[in-house]
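> structure for this input, please:
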Amino acid sequence: MTEMIESVPKQIDGQLLAQQLVEQARAEGVELVGPGGLLTGLTKTVLETALEAVMSEHLGYDKHDPAGRNRGNSRNGTRTKTVLTEVGPVEIEVPRDRDGSFEPQIVRKRQRRLDGIDQIVLSLTARGLTTGEIAAHFAEVYGAKVSKDTISRITDKVLEEMTEWRNRPLDAVYPVVFIDAIHVKVRDGQVTNRPIYVVIGVTVHGERDILGLWAGDGGEGAKFWLAVLTELKNRGVADVCIAVCDGLKGLPEAITTTWPLATVQACIIHYADLRIMPMLTRVSLPGRGFELARSA
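Numbering: from 1, shown residues only. The predicted structure is shown next:
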């Protein structure tokens, strides 16, 4: 049921509305991590794609490949398993083979907790990291138990899936977007801390989604942010009403350059606390041809 707000003003204070959204986001929203967190779906996709790639390596042929007919061992469905990760509990489908010889290393049999998977997921989904850096995360998980060629094939398969996600079309309008940074350890010969910038949007229907992630080096400025926001615009985001960020160098200017009618609300929201409100108050926004609603 939709809650109708009476006496809606025709003109509103954008800064005041933005502040209200931030406060509600902190109090009511869904976190990036934890049960129901926005990273849970990505973690599930990465794990299941990696497991299927390892199964293909184990059997010697890809899923549905005619080359696998009459070769003895074959796929035998999946089993559901819940694993505990840094982003919260994730339910995955683990592939099985007929003779029971499949021993995946990324999610071992009877293993219930996965450590470090958040760094793999973030490195796979963030633009700007090299294939070598991504492969290094998988190599650490598998150690010396599989060859570099196998690591390369697993990396390529998962990257193929994630590239499709990163290039998917986006909505034309997002009433609110939140931009923040997550610092992760990136491996490629040596371990370094890299910021991963996250852009989360709230749709006109009150749904939350990760619009994209980008790897930086800590020295990002207006040029970097303009490239990030231009990418979002090229994927279909024609307008943003309110952008919430922590005043990263060059970011406010890049936002208003990309979406001239956007209101920039400076507010430091660390990723562990980042919350997006489930629904928005029904208001008419000046200069926009749509409304926002809040469902009870």
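
> just for the stretch 51-200 of the chain, where's the confidence low?
Along the stretch 51-200 of the chain, segments meeting pLDDT under 70 span 68, 143-146, 187-189.

> what segments of it are strands?
75-85, 88-97, 126-127, 173-188, 190-202 (DSSP state E, counting those that start in this stretch).

> how far does the shortest one sit from the chain's center?
Translated: strand 126-127. 10 Å (C-alpha atoms, centre = their mean, to the nearest Å).

> tell me the angle the top helix by length along the chain makes with strand 75-85.
The single longest helix within the chain, with elements called by DSSP state H, is helix 38-59. Relative orientation of helix 38-59 versus strand 75-85 (axes from the mean of the first three to the mean of the last three C-alpha atoms, to 10 degrees): 140 degrees.

> helices or strands up against helix 38-59?
strand 75-85, strand 88-97, helix 117-125, helix 148-166, strand 208-215 (3 or more C-beta pairs under 8 Å, 6 or more residues apart in numbering; DSSP states H and E). Using the backbone N, CA and C atoms, a C-beta is placed for each residue, glycine as well.

> of the strands of the stretch 51-200 of the chain, which approaches Asp149 most closely?
strand 173-188 (18.1 Å; C-beta to C-beta).

> starting at the chain centroid, how far to the closest one?
8 Å.

> next one: stretch 257-264
On C-alpha atoms, centre = their mean, the centre of stretch 257-264 falls 23 Å from that of its chain.

> can I get it in CSV, CA atoms only?
What follows is stretch 257-264, C-alpha atoms only, in CSV (Å, rounded to 0.1, in the frame of the first residue of the first chain):
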residue,chain,number,x,y,z
THR,A,257,28.9,19.2,-15.1
THR,A,258,27.3,15.8,-15.9
TRP,A,259,23.9,16.6,-14.4
PRO,A,260,23.4,20.4,-14.2
LEU,A,261,20.2,20.2,-12.2
ALA,A,262,21.6,17.8,-9.5
THR,A,263,21.9,19.0,-5.9
VAL,A,264,25.2,17.9,-4.3
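
> quick revisit: for Lys44, find the nearest of the strands of the stretch 51-200 of the chain.
Comparing those by C-beta to C-beta, strand 88-97 comes nearest, at 5.3 Å.

> partner strands of that closest one and their direction?
strand 75-85 (antiparallel) (DSSP bridges).

> what's next to the partner strand, contact-wise?
43, 47, 55, 59, 63, 89-98, 107, 111-115, 117-118 (C-beta atoms under 8 Å, 6 or more residues apart in numbering).

> hmm, back to that, can you put the strands of the stretch 51-200 of the chain in a markdown table and add mean neighbour count and distance to Asp156?
A markdown table is the format used below for the strands of the stretch 51-200 of the chain (neighbours: other C-beta atoms under 10 Å; distance: least, C-beta to C-beta, whole Å):
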| stretch | mean neighbour count | distance to Asp156 |
| --- | --- | --- |
| strand 75-85 | 14 | 20 |
| strand 88-97 | 17 | 18 |
| strand 126-127 | 20 | 17 |
| strand 173-188 | 21 | 17 |
| strand 190-202 | 19 | 21 |
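
> pipe these into a markdown table and attach distance to Thr257 per row.
Putting the strands of the stretch 51-200 of the chain into a markdown table (distance: least, C-beta to C-beta, whole Å) gives the following:
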| stretch | distance to Thr257 |
| --- | --- |
| strand 75-85 | 38 |
| strand 88-97 | 36 |
| strand 126-127 | 20 |
| strand 173-188 | 15 |
| strand 190-202 | 16 |
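
> looking at these, which is nearest to Trp165?
Among these, strand 126-127 sits nearest to Trp165 (C-beta to C-beta), with 11.4 Å.

> give me the number of residues near Gly236?
Residues lying near Gly236 (other C-beta atoms under 10 Å) number 12.

> that one touches Asn167, doesn't it?
No - the criterion here is C-beta atoms under 8 Å, and Gly236 misses it with Asn167 at 11.1 Å.

> list the residues that are in contact with both of these two.
Joint contacts of Gly236 and Asn167 (C-beta under 8 Å, 6+ apart) do not exist.

> Asp149 versus Gly132, what's the distance?
14 Å (C-beta to C-beta, to the nearest Å).
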